[in-house]
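Trainee: The following block contains a protein sequence and its predicted model.
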Protein chains: 2
Amino acid sequence: MTRPFNFSAGPAVLPEEVLSQAAAEMLDWQGSGMGVMEMSHRGKEFISIYEQTQSDLRELLAVPPEFSILFMQGGAIAENAILPLNLSRGQQTDYVVTGNWSERSQKEARKYCSVSIAASNVESNYTSLPKPASWQLSESAQYVHACSNETVHGVEMHTLPDLKSLGSKVPLVLDISSHMASRSIDWTRVDMAYGGAQKNVGPAGLTIVFIRNELLGHALPHCPSAFDYKIVADSESMYNTPPTWAIYVAGLTFKWLKKQGGIAAIEQRNISKAALLYDFIDASSLYQSRVEKDCRSRMNIPFFMRDEKLDAAFLSGAKAAGLLQLKGYKTMGGMRASLYNAMPVAGVQALIDYMRDFEKNQA
Amino acid sequence: MTRPFNFSAGPAVLPEEVLSQAAAEMLDWQGSGMGVMEMSHRGKEFISIYEQTQSDLRELLAVPPEFSILFMQGGAIAENAILPLNLSRGQQTDYVVTGNWSERSQKEARKYCSVSIAASNVESNYTSLPKPASWQLSESAQYVHACSNETVHGVEMHTLPDLKSLGSKVPLVLDISSHMASRSIDWTRVDMAYGGAQKNVGPAGLTIVFIRNELLGHALPHCPSAFDYKIVADSESMYNTPPTWAIYVAGLTFKWLKKQGGIAAIEQRNISKAALLYDFIDASSLYQSRVEKDCRSRMNIPFFMRDEKLDAAFLSGAKAAGLLQLKGYKTMGGMRASLYNAMPVAGVQALIDYMRDFEKNQA
């Protein structure tokens, strides 16, 4: 069976190998007589899954030993509160606003601390990124928050900000939800990063937090214990029952990533995939990308037609051609193609072929 | 293949039919070309799963229309904070302490409100339950919290407290994690109930909250938006990306429950299963239950041998006989058999047969 190509922004396509293995092991994980969903999280079977998943992720992303990797719940939207509950100390924080998601992050943070907007590109309709040298950082900020890939607006920081070289000692916290595990991370520039799993990693319901250990232990008194990073770290993400199935699927995805050649290889493939689609869009007279070339997301590619009345026909034809979930975000309109790790080059080619045919039929 | 019998207290055994269907649909849910983990939570495919799961659960448990059913994350341990964040108004609350879980609940609540212990049976080592008529309820309490089935100590409220008949108007909030969907609930006596799914319902990572609508809308200012019951209710549990896979598996379990004859039928089967094991234990001279007969849990049955040095041999022999995860909770020692909905009568019989043989070999 050939499956359609699924361009959902998330929850999103997973590698077929991952799905097939999860299905094959559903009633009996490796001779244990139990499916993964049925295992005590404290039993040796699940502990072995947990430890392998942790260590594969640490290896893939070259996470240094001075960082903890936490498996939590609630997604990035819950983290918008959990982050300031843990790191703000109720004081000053800086937020960089580059699209829908970082806008939501700064809004939620205001419940817990004073928020200063260090930079915003709302005036460009979030089609460009403010250069880190222009960020107005407060010396006293507990952290500066940025979203390194905006899923809705399709802008991505291709190079992570090097705040230290700009003379700032403020910890950098990144929402990496929609490009986690799609590229390498320079951990010398980052102090914490978090994201929902439901893009490149696994099912919805798992949040992964990477945090420099020296930042642990400063939660506000009203931070729920289950969301206190120090408690979660000290208990190996088992203070509450972790989302065991989601961790297992993430682990299968990490194994698949290693077989693909690891992060360096997948990053090159992601660069190529995105270039194929952007080059086609730029050469076309029907489609357009509105994002500046130096910050176009490799993961989430919103595109528009000269006449939005064509959208419905484009989308229904795409579905008939086996190209699913291409509708743009509700506030954006148009289309959006998400090209996560598990989207093969053949999927991008099939989309381009369909777009070319559709354009010809409009001529 | 015959699977071993899995007595885990949670995450726990699921019906084989549920697992088989989940495996069969893994790469292609009902001809959609997508697995459930790969679907946008806002697409019509997942919305149909969500709506069916909601309506089957409402039908099974006869949840009245004046209650909302919320699908959340973080499990009962997170709810220990989320509940007072939503319902305490920072004021007085009452807690009934009947075991490990309600003890943890009251402790976490103290972060957010004033907690009064309305009743406690710690002096009996949690082997009995304080009668509701003896609960010291504060007239001004925002709610009274109780755990209607204590997973660790194995005590269960076979009849839910009827506080109204005792002259109290304080809303009753129940942690029903480990017996949710195992029996009927008299909603006239309950104002809110919550539980993790990983016992009778589905995988870990899904919390189900039943709440009387009039209690919505009183969250404290520092309640994270993703955990504000009113926001969750108003957004149909999609303020953040819900744990889609866990909701899907819960939905398959609810369909299975309906095929078993619904809650009334499964409750009768659960009563019979528990009676089989307790009767055997009471007639034995090797094993003992320490819980008083009128409040013995049908779901979680801790039992002990006269000589705890026999535990290791019992457990290793059980595993060899295909009887898994019988070890008692870390603070309790001994053994614990959890007889959730998906544990067939044959599993209980097999356990009793093994226990009888083990006892004979000690003679």
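Mentor: Okay, I see it.

Trainee: Quick one: name the residues of the stretch 251-363 of chain A near chain B.
Mentor: Counting by C-beta under 8 Å from any C-beta of the partner chain, the stretch 251-363 of chain A comes close to chain B at A:Gly322, A:Leu324, A:Gln325. Any C-beta I mention is one placed from the backbone N, CA and C, and that applies to glycine too.

Trainee: rerun at 7 Å
Mentor: A:Leu324, A:Gln325 (C-beta under 7 Å from any C-beta of the partner chain).

Trainee: What residue in the stretch 251-363 of chain A comes nearest to chain B?
Mentor: A:Gln325 (5.7 Å; C-beta to the nearest C-beta).

Trainee: What count of nearby residues applies to A:Ala321?
Mentor: 16 (other C-beta atoms under 10 Å in any protein chain shown).

Trainee: try A:Tyr95
Mentor: By other C-beta under 10 Å, the residues close to A:Tyr95 number 25.

Trainee: Touching, it and A:Ala119? I think so.
Mentor: No. Using C-beta atoms under 7 Å, A:Tyr95 is not in contact with A:Ala119, being 8.8 Å away.

Trainee: Skipping its backbone neighbours, what lies nearest the closest residue to chain B within the stretch 51-200 of chain A in space?
Mentor: Among the residues of the stretch 51-200 of chain A, A:Ala81 lies closest to chain B, at 3.3 Å counting by C-beta to the nearest C-beta. In this structure, A:Ala81 finds its nearest non-sequential neighbour in B:Pro224, 3.3 Å apart by C-beta to C-beta, 6 or more residues apart in numbering or on different chains.

Trainee: Please report how far that neighbour lies from B:Val232.
Mentor: 11 Å (C-beta to C-beta, to the nearest Å).

Trainee: what does A:Val96 give?
Mentor: For A:Val96, the distance to B:Val232 - C-beta to C-beta - is 28 Å.

Trainee: before we move on, the earlier item: element containing the residue of the stretch 51-200 of chain A closest to chain B?
Mentor: Assessed by DSSP states H and E, A:Ala81 sits inside helix A:75-87.

Trainee: between that helix and helix B:75-87, how big is the angle?
Mentor: Here helix A:75-87 points in a direction 70 degrees away from that of helix B:75-87 (axes from the mean of the first three to the mean of the last three C-alpha atoms, to 10 degrees).

Trainee: any residues touching stretch A:217-236, and which ones?
Mentor: Here stretch A:217-236 makes contact (C-beta atoms under 7 Å, 6 or more residues apart in numbering or on different chains) with A:68, A:70, A:72, A:82, A:85-87, A:89-90, A:112, A:209, A:211, A:216, A:239-240, B:74, B:77-78, B:81-82, B:108, B:111-112, B:222.

Trainee: Let's see that with 6 Å instead.
Mentor: Residues from elsewhere that reach stretch A:217-236 (C-beta atoms under 6 Å, 6 or more residues apart in numbering or on different chains): A:68, A:70, A:82, A:85-86, A:89-90, A:211, A:216, A:239-240, B:74, B:77-78, B:81, B:108, B:111, B:222.

Trainee: pretty sure the residue of the stretch 51-200 of chain A closest to chain B is touching A:Arg110, no?
Mentor: No. Taking C-beta atoms under 6 Å as the definition, A:Ala81 is not a contact partner of A:Arg110, at 10.5 Å.

Trainee: Neighbour count: the two, which is higher?
Mentor: Neighbours per residue, other C-beta under 10 Å: of A:Ala81 and A:Arg110, the larger number sits with A:Ala81, 25 against 12.

Trainee: Check what pLDDT that one gets.
Mentor: pLDDT for A:Ala81: 98.

Trainee: Only the buried residues of the longest helix along chain A, if you could.
Mentor: In chain A, taking DSSP state H as the definition, the longest helix is helix A:262-283. For helix A:262-283, burial by neighbour count (16 or more other C-beta atoms under 10 Å in any protein chain shown) applies to A:262-263, A:266-267, A:269-270, A:273-274, A:276-278, A:280-281.

Trainee: Relative to A:Ser182, which of the residues you listed is nearest.
Mentor: In terms of C-beta to C-beta, no member of those lies closer to A:Ser182 than A:Asn270, at 5.3 Å.
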